[in-house]
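>>> here is my input, please return the structure:
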Amino acid sequence: MREEEGHYDIAVIGGGLAGTCAAIAAARLGRRVALVNNRPVLGGNASSEIRVWVCGATAHGVHRWARETGIMGELYTENQYRNPEGNPYYWDQVVLDAVRAEPNIDLFLNTDVREAEASGPADRREVHSCTGWMMGSERRITFHARQFLDCTGDGLLGHLVGARYRTGREGRPEFDEPWAPPEADEALLGSTILFHTKDLGRPVKFVPPAHAKDLSSTPILRNRVLRTGDNGCDYWWIEWGGELDTVHDNERIRDELQSVIMGIWDHIKNSGRFPDAANLTLEWVGSLPGKREYRRFLGDHVLTQQDILQQRRFEDRVAFGGWSVDLHPVQGMYADEPGARQRYADGIFHIPLRSLYSANVTNLHFAGRNISATHIAFGATRVMATCATLGEAAGTAAALCVAEGLTPRQLATERPDLVHRTLLRQDASVIGLADEDPDNLARTARVSASSSLTRLAAEPTAAAPGTPYPLTRDLALLLPVDPALDTVDLLVHGAPDGTSRELTVELWGTGRAENAVPADHLLTTAVTVPPGGPHWVTARLGHRPETSGNVILLVRACAGTALALLPERTDGVLALRRKAEGDAAVDHDIPEEDGQPVLEWQARGLRRQTFAFRAAPDTAAFGPARAVGGYQRPYGGPHMWSSGPAGEAEWLRLDWDDEQDVTEVRLVFDDDVDEYLNNLHRHRTPYEVMPELVRDYRLQACDAAGDWHTLLRVTENRRRHRVHPVRTADGGPVRTSALRLVVDATHGARHAHVVAFKAYGGRTD
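Take a look at the predicted model:
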């Protein structure tokens, strides 16, 4: 055995997506990081060893403009380009490459942390080191660090150093959560093993092993649905162990899950009820249970069901989620009730930094499914893309604690502004925070552009005349309003029986800037539609709000009429439809509760399509100033500069009264965060690169004589967030009174989109 020691700024224990993103975030901020994982591959439940879909705030397309940005966003979009088929082994390499690209990270795979050293009283512990055994190499490695992150999922490091935690379900009186049981208990969400099948093109037999479960002896055939076309996470309901200890009984749980998989496959292959399975064989069966729940640490804030569903905005918010409060019966696959109960907020919810560090260990952060949340709230925060954003936030916080000499508590309570500025600079997953960074020189610049999108409309063309979309249900358009919405013209197919119809058109507010569902009724008007057509008809609204924001134009169902649906995406606009009877918004196997507006009003199925319309007056929602000092995500409006109709070399320009010393430029482009992505492609998008993303661009500086000089040129860009150091030939800062970003091409969109144009450097006197 070889004894080794390593000294780091930060030690991240656990290499799932939370730990991976935490390590990358801290490393990019200049900290030396040890990333320690007890498996041979990174990714945790997302890895090729377990193969769980990476789900997050989009909730399989339920929420609008909700896909994660920051490091998780980079992983999503890089995987989309490299791995359009959803190969789990290619996904492993995307994650591994992201870690290996960071020179400040030392990666330790196959290293199981089993010991830790900490000191201090129970209410103020401090971690000094932890020690892991590297399997196969006979190396015992001790990691010393100033800050530690427990991203193990099960919370092993925190347990070893005495961090306070909970397991099981809290009783209802403790947090007054409607879904909590009357009394606390030790019930957990169970674990799952998945399997994949393959069509060999010829009949294949299956001889079940001796341990295969006889499904007729279980409630599974009565209460669950088997389909030959399902694979992988389609069988998320193969779950068990919630009545056990999901860590100490892990081997027993694994054996039971594998016996059920063999029983399911035996039933599909040999019961005679699935003739289309004749040519199918098992291609892969997992050998590691994918765990859902174990320890949940106690931070300075315990996230609750009300925090999630009421979308509480925390002063120290550092990430967001959007998954439903998703809880499963404790008996798992053997339960008589459905496999899940789910409840969605009306939009994304926020997560505070105070839930990402220990209340009693002064240098311990955590991220992933072990954060400070109740069992009920954990049902929404536990999905991996959300865990990844928590990792980026916790890694950023740990790096700032090292740099500023602060404890996590001091950072959260005394310097949340520093955390926010840093996260926004990195384009992390935060919503509703404007860029107020005093170091961003662009905030003091005058902003201009070659052109801007001012006409908000979607009109048919000869190539795309549109198709009638019957008004058998209520339909709607979400529109940005800045400064007013006086009229909206709609292209409507009238009744074929020769009679006119009267459309009821309503205008609704969204209630919160995060949301995209009707919440506040503003006005109602009526529009007469002649027979036949289609006809342009005008809804007169006269809406002039005090502040800009989104509204929803709602057209009530009207027999015999139809709106014209166009096959195009319109900047800042969403088409919505009310759920029809019998529709399932998410999963046919999960009953949907009433009173969920985000499920009642569906965007999925209409994305990248628009009902034909023309809005007046012209809009200022896409002006050049939107790319400076504002929000970096849609939030009560699109919050980006969009050029006018396609032209060559569209540009966005920053001008200062005095020359500035610029050393770095950061650009955030539009990669359409409304497009739902998934690492293994549960839902396929046809784009390997989002069409809206800027492909080719130049960055130019203006000299004292007024001439423009190209500082850099980029072609074939695939990244949303680009960081460009800029220097003169002798290594000094670029001294200039103006910068210009020239967009030469997008990946297919007709308009150039820039979400943020930032400049950093020394200000001159």
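
>>> number of residues surrounding Asp123?
Neighbour count for Asp123, taken as other CB atoms under 10 Å: 11. Backbone N, C-alpha and C define where each C-beta goes, glycine included.

>>> now do the helices in the chain.
Using DSSP state H, the helices of the chain run over residues 17-28, 70-82, 88-100, 156-161, 172-175, 220-223, 250-270, 305-309, 375-381, 384-404, 408-414, 416-425, 597-600.

>>> of the ones you listed, which is nearest Ile590?
helix 597-600 (11.0 Å; CB to CB).

>>> list the contacts of that closest one.
Around helix 597-600, the neighbours that count as contacts under CB atoms under 8 Å, 6 or more residues apart in numbering are 62-63, 344-347, 515, 517-519, 578-579, 585-586, 592.

>>> in TSV, list the helices of the chain along with distance to Asn717, mean pLDDT and mean neighbour count.
Output for these, formatted as TSV (distance: least, CB to CB, whole Å; pLDDT from 0 to 100; neighbours: other CB atoms under 10 Å):
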stretch	distance to Asn717	mean pLDDT	mean neighbour count
helix 17-28	19	98	32
helix 70-82	11	97	23
helix 88-100	17	98	18
helix 156-161	39	98	24
helix 172-175	46	97	14
helix 220-223	49	96	15
helix 250-270	43	98	19
helix 305-309	36	98	24
helix 375-381	33	98	27
helix 384-404	22	98	28
helix 408-414	34	98	19
helix 416-425	19	97	20
helix 597-600	33	96	20
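
>>> top of the contacts of helix 597-600 by neighbour count?
In terms of neighbour count, His63 stands highest of these at 31 neighbours, by other CB under 10 Å.

>>> touching, it and Ile348? I think so.
Yes. Counting by CB atoms under 8 Å, His63 does reach Ile348; the two are 6.1 Å apart.

>>> shared neighbours, the two?
With CB under 8 Å, 6+ apart as the test, His63 and Ile348 both reach 57, 322.

>>> so which of the helices of the chain is nearest Ser642?
Among those, the nearest to Ser642 by CB to CB is helix 70-82 (20.0 Å).

>>> Asp276: neighbour count?
11.

>>> that one: what's it in contact with?
Residues in contact with Asp276 (CB under 8 Å, 6+ apart) are Thr228.

>>> got a list of what Ala464 touches?
Contacts of Ala464 (CB under 8 Å, 6+ apart): 566-568.

>>> mind putting those into TSV with pLDDT and neighbour count?
Shown next, in TSV, are the contacts of Ala464 (pLDDT from 0 to 100; neighbours: other CB atoms under 10 Å):
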residue	pLDDT	neighbour count
Leu566	97	23
Pro567	94	12
Glu568	90	16
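
>>> can you put those residues in a markdown table and add distance to Cys21?
Formatted as a markdown table, the contacts of Ala464 follow (distance: CB to CB, whole Å):
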| residue | distance to Cys21 |
| --- | --- |
| Leu566 | 38 |
| Pro567 | 36 |
| Glu568 | 34 |
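
>>> out of the helices of the chain, nearest to Gly56?
helix 384-404 (2.5 Å).

>>> got the angle for the closest one vs helix 17-28?
30 degrees (axes from the mean of the first three to the mean of the last three CA atoms, to 10 degrees).

>>> could the C-alpha coordinates of helix 384-404 be exported in PDB?
The C-alpha coordinates for helix 384-404 follow below in PDB (Å, rounded to 0.1, in the frame of the first residue of the first chain):
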ATOM      1  CA  MET A 384     -29.600  15.700 -11.900                       C
ATOM      2  CA  ALA A 385     -29.600  18.800 -14.000                       C
ATOM      3  CA  THR A 386     -30.900  20.700 -10.900                       C
ATOM      4  CA  CYS A 387     -28.200  19.000  -8.800                       C
ATOM      5  CA  ALA A 388     -25.600  20.100 -11.400                       C
ATOM      6  CA  THR A 389     -26.700  23.800 -11.000                       C
ATOM      7  CA  LEU A 390     -26.400  23.300  -7.200                       C
ATOM      8  CA  GLY A 391     -22.900  22.000  -7.700                       C
ATOM      9  CA  GLU A 392     -21.900  25.000  -9.700                       C
ATOM     10  CA  ALA A 393     -23.300  27.300  -7.100                       C
ATOM     11  CA  ALA A 394     -21.700  25.400  -4.200                       C
ATOM     12  CA  GLY A 395     -18.300  25.200  -6.000                       C
ATOM     13  CA  THR A 396     -18.500  28.900  -6.700                       C
ATOM     14  CA  ALA A 397     -19.300  29.600  -3.100                       C
ATOM     15  CA  ALA A 398     -16.400  27.400  -1.900                       C
ATOM     16  CA  ALA A 399     -14.000  29.200  -4.200                       C
ATOM     17  CA  LEU A 400     -15.200  32.600  -2.900                       C
ATOM     18  CA  CYS A 401     -14.800  31.500   0.700                       C
ATOM     19  CA  VAL A 402     -11.200  30.600   0.000                       C
ATOM     20  CA  ALA A 403     -10.500  33.800  -1.900                       C
ATOM     21  CA  GLU A 404     -12.200  36.100   0.700                       C
END
